[in-house]
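S.K.: mind folding the following:
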Amino acid sequence: MNKLTLAGAALALTAVSVSLTAPAALAAPARHTAATSRIPFTAATVTANDDGSYRVVWTAPGVRSVTVRANGHVVARGGARGDVTVRGLAAADRQWFDLVPARGGALRLADRLVKLDGAVNFRDAGGYRTADGHWVKMGEIYRSDALDKLTAADLAKLKRLGIRVDYDLRTASERTAAPDRVPSGARYVVADVLAGSSTMTSMPTTEAAAVRMMVDGEKFMVSGDTARAAYGTVFAGVADPSRHALLYHCTAGKDRTGWSSAALLTALGVPRSTVMADYLASNTYRAAANAATLAAMPPAQAKVYKPLLDVRPEYLNSGFQEVSTEYGSFNSYVRDGLGIDAKEFRQIKKDLLVG
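M.R.: Numbering: from 1, shown residues only. Model prediction:
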């Protein structure tokens, strides 16, 4: 990989695209409405296994029993704590599970990752618990890496998932080199985060310089004029329920996309530790692609380039520090930096929080 290619990749915040083979998907997810009573679960996840089974784990302190339902049928039962593996379900675009406690509101979850042939980091932005006990709905907001390699089957799946708007956070050069493929009927919106930024214009020559580039880039995502305009556009879309389900994406789905999700989850009241875990999950989903990229480089070059492929706590923390420095609080950032007024913010919470 020559220096020019590397510099372009740095500008794109690691423009790497690979394929992932996924099983055939059939059924569409059901949209769900807000629960009318408090959801007692303090933790819950669904994980799809490679053999077609699903692991469902939950914690619901003080609850006598929990029933797990899928496709209208009871598939498992447990107590206040549960860890069950469900097998034998028919293939589906996303397999949804309803966790129904003996008292309190039910919780609807699916595996966060949406498996596609042409993207490796397409996932649900929801499924997290807030500090005050609400849950962020799944099936409403999605995040992804580049969409230019989506197959016809991928596009059909996204259409069945109900994707209505695609917010492209990439630069003009990225959009030209790898134009989005979007499902039929979906609206395409450019929200260029780095337009006009000089932060990512040259390839670093040392590992420390690469880390500094990523830290500075994260700060620009908070206070840069084009970044604030881009994320304001995305948040305005999130505040409009007619645009759900929507997705936002960049090239690797980790930096510009990572801040978009971190900002949304933080605004909704998700604890910082959970927000960080969601951000760092890109290291897992992109592990194979990143390893292949580094393996193709001489070791010295790979050492310099690796910080550009990673997501690291210091990167995201620099964004949060920039919010504190420039705006004083996250609510002020959303209001003054992104231009989201109180009415829009109430709408976001109404649409995305349950329990």
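S.K.: quick one: contacts for residue 257?
M.R.: 121, 143-145, 169, 248-250 (CB atoms under 8 Å, 6 or more residues apart in numbering). The way it works is simple: take the backbone N, C-alpha and C, and place the C-beta from them, glycine included.
S.K.: from those residues, which two are the most distant?
M.R.: The span of these, defined through CB to CB, is set by 121 and 169 at 13.2 Å.
S.K.: bridged to residue 144, which residues?
M.R.: As for beta bridges, residue 144 partners with residue 249 under DSSP bridges.
S.K.: and it, how many neighbours?
M.R.: Other residues near residue 144 number 23, with proximity taken as other CB atoms under 10 Å.
S.K.: that one contacts residue 253, correct?
M.R.: Yes: assessed by CB atoms under 8 Å, residue 144 is found in contact with residue 253 at 5.2 Å.
S.K.: hey, what's in contact with both of those two?
M.R.: 119, 121-122.
S.K.: and which of those residues is nearest to residue 73?
M.R.: Nearest to residue 73 among the shared contacts of residue 144 and residue 253 is residue 122, at 27.8 Å by CB to CB.
S.K.: got the contact list for the residue lying closest to that closest one once chain neighbours are set aside?
M.R.: Nearest non-adjacent residue to residue 122, counting by CB to CB, 6 or more residues apart in numbering: residue 144, 4.1 Å away. With contact set as CB under 8 Å, 6+ apart, residue 144 has these partners: 119, 121-123, 247-249, 253, 257.
S.K.: is residue 163 in contact with residue 245, as I believe?
M.R.: Yes: with contact defined as CB under 8 Å, residue 163 reaches residue 245; the gap is 5.4 Å.
S.K.: between these two, what contacts are shared?
M.R.: residue 142.
S.K.: tally of neighbours for the closest residue to residue 330 other than its chain neighbours?
M.R.: Leaving aside its chain neighbours, residue 330 sits nearest to residue 266 (5.5 Å; criterion: CB to CB, 6+ apart). Neighbours of residue 266 under the rule other CB under 10 Å: 20.
S.K.: could you do residue 50 as well?
M.R.: 6.
S.K.: contact partners for residue 347?
M.R.: So residue 347 contacts 239-241 (CB under 8 Å, 6+ apart).
S.K.: tell me which element it is part of?
M.R.: helix 342-352 (DSSP states H and E).
S.K.: got the CA positions of that helix in PDB?
M.R.: C-alpha atoms of helix 342-352 as PDB (Å, rounded to 0.1, in the frame of the first residue of the first chain):
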ATOM      1  CA  ALA A 342     -36.600  20.900  23.800                       C
ATOM      2  CA  LYS A 343     -39.600  19.800  21.800                       C
ATOM      3  CA  GLU A 344     -37.500  17.700  19.400                       C
ATOM      4  CA  PHE A 345     -35.500  16.200  22.300                       C
ATOM      5  CA  ARG A 346     -38.800  15.200  24.100                       C
ATOM      6  CA  GLN A 347     -39.900  13.500  20.800                       C
ATOM      7  CA  ILE A 348     -36.700  11.600  20.600                       C
ATOM      8  CA  LYS A 349     -37.100  10.300  24.200                       C
ATOM      9  CA  LYS A 350     -40.800   9.500  23.600                       C
ATOM     10  CA  ASP A 351     -40.000   7.500  20.500                       C
ATOM     11  CA  LEU A 352     -36.900   5.700  21.600                       C
END
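S.K.: residues of it that come out buried?
M.R.: 344-345, 347-348, 351-352 (16 or more other CB atoms under 10 Å).
S.K.: now, among the residues you listed, which is nearest to residue 298?
M.R.: For those, the residue nearest residue 298 by CB to CB is residue 352; the value is 45.9 Å.
S.K.: surely residue 338 touches residue 239?
M.R.: No: with contact defined as CB under 8 Å, residue 338 does not count as touching residue 239 (10.4 Å).
S.K.: that older thread, who has more neighbours out of residue 121 and residue 169?
M.R.: Between residue 121 and residue 169, residue 169 has the larger neighbour count (other CB under 10 Å), namely 29 against 25.
S.K.: and the strands in the stretch 101-250 of the chain, which stretches?
M.R.: Assigned by DSSP state E, counting those that start in this stretch, the strands in the stretch 101-250 of the chain fall at 107-109, 123-124, 135-136, 141-144, 165-168, 187-190, 246-249.
S.K.: partner strands of the fifth one and their direction?
M.R.: It refers to strand 165-168. Sheet pairing of strand 165-168 (DSSP bridges) gives strand 187-190 (parallel), strand 246-249 (parallel).
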